[in-house]
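>>> Return a 3D structure for these sequence lines:
(one chain, ligands or ions: 3)
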Amino acid sequence: MSDTVAGLLAEIADVGRDPQRGGYSRLVHSSAEHELREWFVAHAERRGLEVEVDRNGAIWAWHAPGGSRDDAVVTGSHLDSVPGGGAYDGPLGVVAALVAVDLLRERGALGERPLAVTVFPEEEGSRFGVACLGSRLMTGAISPDRARALTDVDGRTFAEVVAAGGLDPERLGPDREALGRMAAFVEVHVEQGRGLVDLDRPIAVASSILGHGRWRVSITGEGNHAGTTLMADRRDPMVATGRLVAAIRDLARRHPGARATVGRLVPTPGGTNVIASRVDAWVDVRHPDDVVTNVVVEQIREAASLLAAEEGCAATMVEESFSPTVDFDAGLRDSLAATLGDAPVLGTGAGHDAGILKDHVPTAMLFVRNPTGVSHAPGEHVDDADAEEGAGALADALEHLLQLGADSRT
Ligand code: HGY
Ligand code: MN
Ligand code: MN
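Ligands and ions are numbered 1, 2, ... in the order given. Below you'll find the predicted structure:
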């Protein structure tokens, strides 16, 4: 009996569990993520797929019987997670791709046309701060120098970490050959919302991705003793930051459709009996219209300066990563929706490697129903039956694309 999505996910259910946060912490190039990568490679090789790791650390598992990898249909997702993330964000797409290969083989639909399953590194940007770092490097959306210099919380650079993982940091960068051989890319992903629950459907095709970015706000004041410093004598960046977090919430509420989140604060030095000298806060801002996103960001920048000044502090705000709003190719979107029994078409507020690839390759996404609608948290869920539906829908989509000629894929 061939593998099921639920069965394969069960095999990795204990990898990278985070007992402190709940859920999973599988940061890129952590031991947990490496364990998942090795697990994926074993399953790909068991399916007779030829595995290679590209210059940016993405894994490619090839069905290329004739040897050529040109004009390939590609599917896949990511294995890295946010801290305390769910079991499905990323792994569902990778596992559904493995099962879809099984289904295509059973249907006799794995022919001469090359097909690849890919795993992109650092989709979440949880360790090095830039979302979709692997696909950004491949497409030239980030400079190799900037990527090499990115650091994690321990100050280790991306260059050091990839070198320790066996890659040559000097080879990080655009991979026109890899991009050039991709005729189409389809990513399956858990829906990060309740759209399919409300529609009572298991599968949707993606229409768009909200524009989104992340900025680092740094507020500096005067570090001092919590007991000997009178309240009137303080320049406390933690107070300015707390006021700013509430102001960001109020600002976002004033722009319909906007979302702004501060999910991460790092006080320096971070002692219980110490007035911080500095606080770094990361702001995630999203909106369907990139112009509005920019307006919100500039209003946040202004609020940070004002509130910091009121607390005798100073604030800076630096963009770390930005992805403009993505509208997936309408032709591909509609042909897949038709192929999948008139599947509903839904937008998403979550970013994906597919959103980065979209300007370089005809790209589509399939969403699988998430009964809780929760994501980036342990509550994320996909019922087993829907998970299998997802693999079946991906197999149908891939079969459709494999049959299309190069000129009619969009
Ligand atoms: O942050 C996001 O939207 C995605 O999950 N990386
Ligand atoms: Mn995610
Ligand atoms: Mn994801």
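>>> C-alpha coordinates for stretch 290-297, PDB please?
Presented in PDB, the C-alpha positions along stretch 290-297 are these (Å, rounded to 0.1, in the frame of the first residue of the first chain):
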ATOM      1  CA  ASP A 290       1.100  48.200  -1.400                       C
ATOM      2  CA  VAL A 291       0.500  52.000  -1.400                       C
ATOM      3  CA  VAL A 292      -1.600  51.600   1.800                       C
ATOM      4  CA  THR A 293       1.100  49.300   3.300                       C
ATOM      5  CA  ASN A 294       3.600  52.100   2.700                       C
ATOM      6  CA  VAL A 295       1.300  54.700   4.300                       C
ATOM      7  CA  VAL A 296       0.800  52.500   7.400                       C
ATOM      8  CA  VAL A 297       4.600  51.900   7.600                       C
END
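>>> Name the residues of that stretch that are buried.
Residues 290, 292-293, 295-297 are the ones in stretch 290-297 that count as buried (16 or more other Cβ atoms under 10 Å). (Glycine included, C-beta is placed from N, CA and C.)
>>> from what I can see L394 touches V101, true?
No: the criterion here is Cβ atoms under 8 Å, and L394 misses it with V101 at 9.5 Å.
>>> Excluding chain neighbours, what is closest to the residue of the stretch 151-300 of the chain found nearest ligand 3?
Relative to ligand 3, the nearest point of the stretch 151-300 of the chain is H189 (5.7 Å; Cβ to the ion). In space, and not counting its chain neighbours, H189 is closest to G93: 5.3 Å by Cβ to Cβ, 6 or more residues apart in numbering.
>>> Secondary structure element for the one you found, which one?
helix 91-106 (DSSP states H and E).
>>> what's the model's confidence in whichever helix or strand comes after that helix, averaged?
Next in sequence after helix 91-106, counting helices and strands by DSSP H and E, comes strand 115-120. Averaged across strand 115-120, pLDDT comes to 98.
>>> Which members of the buried residues of stretch 290-297 are positioned in strands?
With strands taken from DSSP state E, there is no overlap with the buried residues of stretch 290-297.
>>> In helices only, show me these.
Counting by DSSP state H, the part of the buried residues of stretch 290-297 found in helices is 290, 292-293, 295-297.
>>> with those in mind, which one is nearest to H63?
Distances from H63 to these, taken as Cβ to Cβ, are shortest for D290 (37.9 Å).
>>> For the closest residue to the closest one other than its chain neighbours, give me its contacts.
With Cβ to Cβ, 6+ apart as the criterion, D290 has its nearest non-adjacent residue at 4.4 Å, and that residue is G211. Going by Cβ atoms under 8 Å, 6 or more residues apart in numbering, G211 touches 286-290, 293, 322-326.
>>> Can you show me the helices along the stretch 51-200 of the chain?
Here the stretch 51-200 of the chain has its helices, by DSSP state H, counting those that start in this stretch, at 91-106, 133-139, 144-149, 158-164, 176-180, 195-199.
>>> Looking at those helices, which one is packed in the most?
helix 133-139 (a mean of 27; mean count of other Cβ atoms under 10 Å).
>>> Dump that one to CSV, keeping only the CA atoms.
This file holds the C-alpha atoms of helix 133-139, laid out as CSV (Å, rounded to 0.1, in the frame of the first residue of the first chain):
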residue,chain,number,x,y,z
LEU,A,133,15.2,33.7,1.6
GLY,A,134,15.9,30.6,-0.6
SER,A,135,13.6,31.5,-3.4
ARG,A,136,14.6,35.2,-3.2
LEU,A,137,18.2,34.2,-3.7
MET,A,138,17.3,31.9,-6.6
THR,A,139,15.4,34.7,-8.4
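>>> Which residues outside that helix are in contact with it?
Residues contacting helix 133-139 (Cβ under 8 Å, 6+ apart): 28, 54, 56-58, 78, 120-123, 125, 130, 141-142, 144, 147, 150, 158, 172-175, 178-179, 353, 356-357, 359-360.
>>> Residue of the stretch 201-350 of the chain nearest ligand 3, please.
Nearest residue of the stretch 201-350 of the chain to ligand 3, counting by Cβ to the ion: A350, 6.4 Å away.
>>> E380 is in contact with that residue, correct?
No: applying Cβ under 8 Å as the test, A350 and E380 come out as separate, 11.3 Å apart.
>>> between these two, who's got more neighbours?
E380 (23 against 20; other Cβ atoms under 10 Å).
>>> Doesn't the more buried one belong to a strand?
No: read with DSSP: H, G, I helix; E, B strand; the rest coil, E380 is coil and lies in no strand.
>>> So for the closest residue to it other than its chain neighbours, what pLDDT did the model give?
Nearest non-adjacent residue to E380, counting by Cβ to Cβ, 6+ apart: G86, 2.5 Å away. For G86, the model assigns a pLDDT of 98.
>>> same thing with T410?
50.
>>> Check G66 too.
Confidence for G66, expressed as pLDDT, is 88.
>>> Kindly report the same for the one 3 residues further on.
pLDDT recorded at R69 is 97.
>>> what residues are up against it?
R69 touches 62, 114, 116, 181, counting by Cβ under 8 Å, 6+ apart.
>>> same deal with S30?
S30 is in contact with 16, 127, counting by Cβ under 8 Å, 6+ apart.
>>> do the one 3 residues further on as well
Taking Cβ under 8 Å, 6+ apart, we find E33 in contact with 16, 26-27, 79-80.
>>> redo that, cut-off 10 Å
Taking Cβ atoms under 10 Å, 6 or more residues apart in numbering, we find E33 in contact with 15-16, 25-27, 78-81, 90, 119, 121-122, 127, 165.
>>> now do D290
If you count contacts by Cβ under 10 Å, 6+ apart, then D290 has 210-213, 322-325 around it.
>>> one step back: can you work out which residues contact both of L394 and V101?
T75.
>>> hmm, back to that, would you turn the contacts of D290 into CSV with pLDDT and distance to ligand 3?
Shown next, in CSV, are those (pLDDT from 0 to 100; distance: Cβ to the ion, whole Å):
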residue, pLDDT, distance to ligand 3
L210, 96, 14
G211, 96, 17
H212, 96, 13
G213, 97, 16
F322, 95, 17
S323, 95, 13
P324, 96, 18
T325, 96, 17
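>>> In JSON lines, list the residues you listed along with distance to E33 and secondary structure.
Shown next, in JSON lines, are these (distance: Cβ to Cβ, whole Å; DSSP: H, G, I helix; E, B strand; the rest coil):
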{"residue": "L210", "distance to E33": "26", "secondary structure": "coil"}
{"residue": "G211", "distance to E33": "27", "secondary structure": "strand"}
{"residue": "H212", "distance to E33": "23", "secondary structure": "strand"}
{"residue": "G213", "distance to E33": "24", "secondary structure": "strand"}
{"residue": "F322", "distance to E33": "25", "secondary structure": "strand"}
{"residue": "S323", "distance to E33": "22", "secondary structure": "strand"}
{"residue": "P324", "distance to E33": "28", "secondary structure": "coil"}
{"residue": "T325", "distance to E33": "29", "secondary structure": "coil"}
